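*Asks:* Kindly return the folded structure for what I paste below:
(chains A and B, ligands or ions: 1)
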Amino acid sequence: MEGWGRYPRHESEVLHCRVPEALGRFVASRPGLIARGNGRSYGDAAIGENSTLMCGGLNRMKSFDAADRVLTAEGGVMLSDVLRSLVPRGCFPPVVPGTKFVTIGGMVASDVHGKNHHCDGGFGDHVNELKLVTANGEILTCSRSQNAELFSATVGGMGLTGVIAEATFRLRQIETGWIAQKTTVAENLAEALKALRQSEEATYSVAWIDCLSKGASLGRSLIFAGEHATPDQVRETLRADLFPSPNSAALTLPLDMPAWLLNKASVSAFNELYFRAGIRKSAKPMLVHWDNYFFPLDRILRWNRLYGKRGFIQHQCVVPDADALQVLSSILDRFAQSGKGSFLAVLKRLRGSAGLLSFAAPGYTLALDLPATQEVLRLLDEIDELVVKAGGRLYLAKDARQSRLTFECGYPRLDAFKVLRRATGADRRFNSRLAKRLGI
Amino acid sequence: MKRIGKTLLMIGATSDIGRATASYYGEAGWDIHLAGRAHAAVQREANDIATRTGASVTVHELDILQTARFEAFLGALSPLPDTVICVVGELGEQSRAEKELEYAAMVMRTNFEGPALLLGLLAERFAARGSGTIVGTSSVAGDRGRASNYVYGAAKAGLTAFLSGLRNRLSRSGVRVLTVKPGFVRTRMTDGMRLPSLLTAEPQEVAQKIFAVAEGGSRSDVVYVRGIWRPLMTVIRSIPESIFKRLRL
Ligand SMILES: Cc1cc2nc3c(=O)[nH]c(=O)nc-3n(C[C@H](O)[C@H](O)[C@H](O)COP(=O)(O)OP(=O)(O)OC[C@H]3O[C@@H](n4cnc5c(N)ncnc54)[C@H](O)[C@@H]3O)c2cc1C
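*Replies:* All right, here's what the predicted structure looks like:
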């Protein structure tokens, strides 16, 4: 089995669960098991130490209260299905990651952050209640008032407290399915950080960095700020459908790309084109279809083949404001020097989060996609030292390789998490390769 | 979502094809009656369809083998549906059916007796009203008996003949009768089998096809979900018995 980054690969027995009633039986029958949603975590988080329980069959929605916009759905329901059925009814999930091909269970377990983390927090902050199948096969209802400790450990808990059978969460009201987007150009990293801070009143904001640019233009970026558009804005400019359907046309990358294709020349050509297009757009605000704004990569199915068979790594850290400029410039600088630039370098602003093991912490988060080569792995170890020194941490849903020490320094509430795992017997039931590697 | 004031009765709602098709109708604005054996499982599908599509969905308990309860089941249906789709089926294990009488009878009754009697009763009600669409799902396995599944195939052949007769009788009554032959479909029934991809449909594709033929402008009476089955089965049907009996199928 492998994660989205296709690195690392491990053997694991695969089990399929189709009805919620069977969850208890699966859990009780296997030690060293972990739930898996749609396998969109990059590394080894969704690979069971012995067995991996596929939750994709638990994909039924249960109820939707239109007045309060509260949805109850099984853990295996796909975000894409929620969007498909609720966007036309004027509702949008409170937080979405950069792909819609994730499950609700996966979103809770990773406490995913979106482009609106600085305003609205993580997905877990909008969950009212969970039904969790615990180590002894029981179903427990957890919320901020009932089994509260288990709730705060399960949000962001990477499946290590139990299997999320069901989640209840609140959606936001939208007047249209369009996003009014403003693009700002930043000539270097300092400007990019400033622009992100300045776009904090905007509901959504994110920066795309050209990570091959060096010297004075190190960290040159496009900052995209977005708001759900009003009907007036849409009528004026588009006269289009207020709630457009999801994109249907998608390309599938048919096979593994040869490794040499992703070289310095091709990446920098791509980045150059991308930036020129961005600069052209920055002149005026524009309306973007929700699917293109939030999920641009989903247009190409299986794009993870772009990096060839050896796979790739996403390195995502968060660094507190104080040292952000210095640490993030050293990271970008090292990659620019080594010529191992990434297609995808994304910078966002985060605030704190509630889950014991949630990733988000106040500061800036930088995510880079890199080929899984020995050289890159060595470089990342050095970079982790910088992150740790600055009091930062790495995102577990993307992690495939961090050391135990890096992890322990980054997550101060780890001990409380481990205590709870022992107390509920979860440590003897639920174990992923990630948990084993990091000693959780 | 726009409701259009039409109602579908789905018999066999917890199967993959039943679920996909009922959802498809729900999305198109239809209200739904879901009928099936295990109440909790049917309720789970009903909640899902209602939540996804905004349709009003009702749940009805029905065991296709308990034919004596059919009248009561239909009596409780309100409103009488505009379209009924029956996707009940049981592939069974051929080798077991060769040795166990009761088991073979169960496979035959599930695929033929139950669906035929129930659709027959509905046909009476539709004829009295002067409108309605009946969709029975039969199988390519009913087009010719084969060693590997002739108990199932024979029952489906019976259903195909029954639907054909019903269509013949009702052709001037305003009631439409459709026979759908899905071919291979990727469902729980075929889990773990190696299926040829050219001949294998997804449940969603079956749903689309059924809806397009039953509710669109098409006049087809017998529908293969993947068109390639039609010439294929024509060839298989035309092989002389003296040769066919020696083939390993
Ligand atoms: C292109 C792309 C963009 C992304 N962008 C973002 C982003 O912007 N922000 C962000 O936060 N993340 C992002 N991610 C990461 C992604 O959102 C998370 O990895 C998410 O958890 C994946 O969901 P999944 O259903 O595929 O879960 P999996 O990858 O299958 O599992 C992830 C974790 O959740 C656990 N889990 C899954 N289902 C259950 C369940 N039912 N019960 C208990 N535990 C469960 C697993 O054990 C595992 O630890 C991105 C990923 C990709 C591929």
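*Asks:* Can you pull up the residues of chain B that come close to chain A?
*Replies:* Proximity of chain B to chain A, by CB under 8 Å from any CB of the partner chain, involves residues B:1, B:40-41, B:44-45, B:47-48, B:50-54, B:188. In short, each C-beta sits where N, CA and C put it, glycine included.
*Asks:* OK, contacts around A:Ile223?
*Replies:* Shown in contact with A:Ile223 (CB atoms under 8 Å, 6 or more residues apart in numbering or on different chains): A:183-186, A:192, A:195-196, A:199, A:205-207.
*Asks:* roughly how far apart are it and B:Val222?
*Replies:* From A:Ile223 over to B:Val222 the distance is 59 Å, taken as CB to CB, to the nearest Å.
*Asks:* who touches the lengthiest helix in chain B?
*Replies:* Across chain B, the helix with the greatest residue count (assigned by DSSP state H) is helix B:150-170. Outside helix B:150-170, the residues that touch it by CB under 8 Å, 6+ apart are B:89-92, B:94, B:97-98, B:104, B:107-112, B:115-116, B:119-120, B:123, B:126-127, B:134, B:136, B:138-139, B:141-146, B:176-179, B:221.
*Asks:* Using CSV, write down the CA coordinates of the following helix or strand past it.
*Replies:* Downstream of helix B:150-170, the next assigned helix or strand under DSSP states H and E is strand B:175-181. Output of strand B:175-181 as CSV, limited to C-alpha atoms (Å, rounded to 0.1, in the frame of the first residue of the first chain):
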residue,chain,number,x,y,z
VAL,B,175,-48.6,1.0,-19.7
ARG,B,176,-45.0,0.5,-20.8
VAL,B,177,-43.1,-2.6,-20.0
LEU,B,178,-39.3,-2.6,-20.2
THR,B,179,-36.8,-5.4,-19.9
VAL,B,180,-33.3,-4.4,-18.9
LYS,B,181,-30.4,-6.7,-19.2
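*Asks:* So for stretch A:395-411, mean pLDDT?
*Replies:* Averaged over stretch A:395-411, pLDDT sits at 98.
*Asks:* Over to stretch A:92-107?
*Replies:* For stretch A:92-107, the mean pLDDT works out to 98.
*Asks:* about what we covered before: which single one of the contacts of A:Ile223 is nearest to the ligand?
*Replies:* The ligand has its nearest neighbour among those in A:Val206, at 8.5 Å by CB to the nearest ligand atom.
*Asks:* Validate this expectation: that closest one resides in a strand.
*Replies:* Yes - assessed with DSSP: H, G, I helix; E, B strand; the rest coil, A:Val206 lies in a strand.
*Asks:* Just the contacts of A:Ile223: which are in strands?
*Replies:* Secondary structure from DSSP state E places A:183-186, A:205-207 of those in strands.
*Asks:* Number of residues surrounding A:Ser248?
*Replies:* Using other CB atoms under 10 Å in any protein chain shown, A:Ser248 has 6 other residues around it.
*Asks:* ok, back up a step: want to throw the contacts of A:Ile223 into a markdown table with pLDDT and neighbour count?
*Replies:* Converted to a markdown table, these look like this (pLDDT from 0 to 100; neighbours: other CB atoms under 10 Å in any protein chain shown):
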| residue | pLDDT | neighbour count |
| --- | --- | --- |
| A:Thr183 | 93 | 20 |
| A:Thr184 | 93 | 20 |
| A:Val185 | 93 | 16 |
| A:Ala186 | 94 | 21 |
| A:Ala192 | 96 | 25 |
| A:Ala195 | 95 | 19 |
| A:Leu196 | 95 | 23 |
| A:Ser199 | 89 | 21 |
| A:Ser205 | 96 | 26 |
| A:Val206 | 96 | 23 |
| A:Ala207 | 95 | 26 |
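*Asks:* Looking at these, which is nearest A:Arg437?
*Replies:* A:Val206 (29.6 Å; CB to CB).
*Asks:* what sits opposite that closest one in the beta ladder?
*Replies:* Under DSSP bridges, the beta-bridge partners of A:Val206 are A:Phe224.
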